[in-house]
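Q: Structural data only, the sequence is not supplied:
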């Protein structure tokens, strides 16, 4: 009987010590950091002007960032520039992103700033970081690339009907194979 009581006391002691707050991190204070990440990159072809070697294409470019941290971000700067341009030619937007919220950084909406020379296929570089660059770390900064394409009818490069031909050929091959198996 004494052995059962000792075992019961030990089990209760272990169980209660497991539930003790001193053994677990129960702090509910906010973290000192925020985490910024890219949730979407998008663009809209607005118009193309000119002809020959003097073609200018206008785009609206949208970079969407999300703050998944527990505190408001510092002032974040987003910069974009075309691959064949110097980074010094970048266009900048900045904003503070509240905790748990998403912010769209829009380039070329009404200001006409995002103009590229040439019709299509432009590589765009972008980066984001705190405006005060001494605060930059891997949780609040990053970079990426994407390609701008003119989606107008004259810019299509697909071959309509090719898929249908491929389906007809593969169906004919299946029927021929089944016919051969039946003869054997």
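A: Arrived safely. Source: prediction; values computed, not measured.

Q: what is the mean pLDDT for the longest helix anywhere in the chain?
A: Ranked by residue count and defined by DSSP state H, the top helix of the chain is helix 162-183. Mean pLDDT, computed over helix 162-183, is 73.

Q: repeat for stretch 2-19
A: Stretch 2-19 comes out at a mean pLDDT of 62.

Q: likewise stretch 98-112?
A: The average pLDDT within stretch 98-112 is 83.

Q: With stretch 46-55 instead?
A: Stretch 46-55 comes out at a mean pLDDT of 80.

Q: Now the terminal residues of that stretch, how far apart.
A: 14 Å (Cα to Cα, to the nearest Å).

Q: Return the distance of that stretch from the chain's centre.
A: 30 Å (Cα atoms, centre = their mean, to the nearest Å).

Q: can you pull the buried residues of it?
A: In terms of neighbour count (16 or more other Cβ atoms under 10 Å), stretch 46-55 has its buried residues at residue 48. Placement of C-beta: from N, CA and C, glycine included.

Q: And stretch 79-88, by the same measure?
A: 79-82.

Q: from the residues you listed, which has minimum pLDDT?
A: Within those, lowest confidence goes to residue 82 (84).
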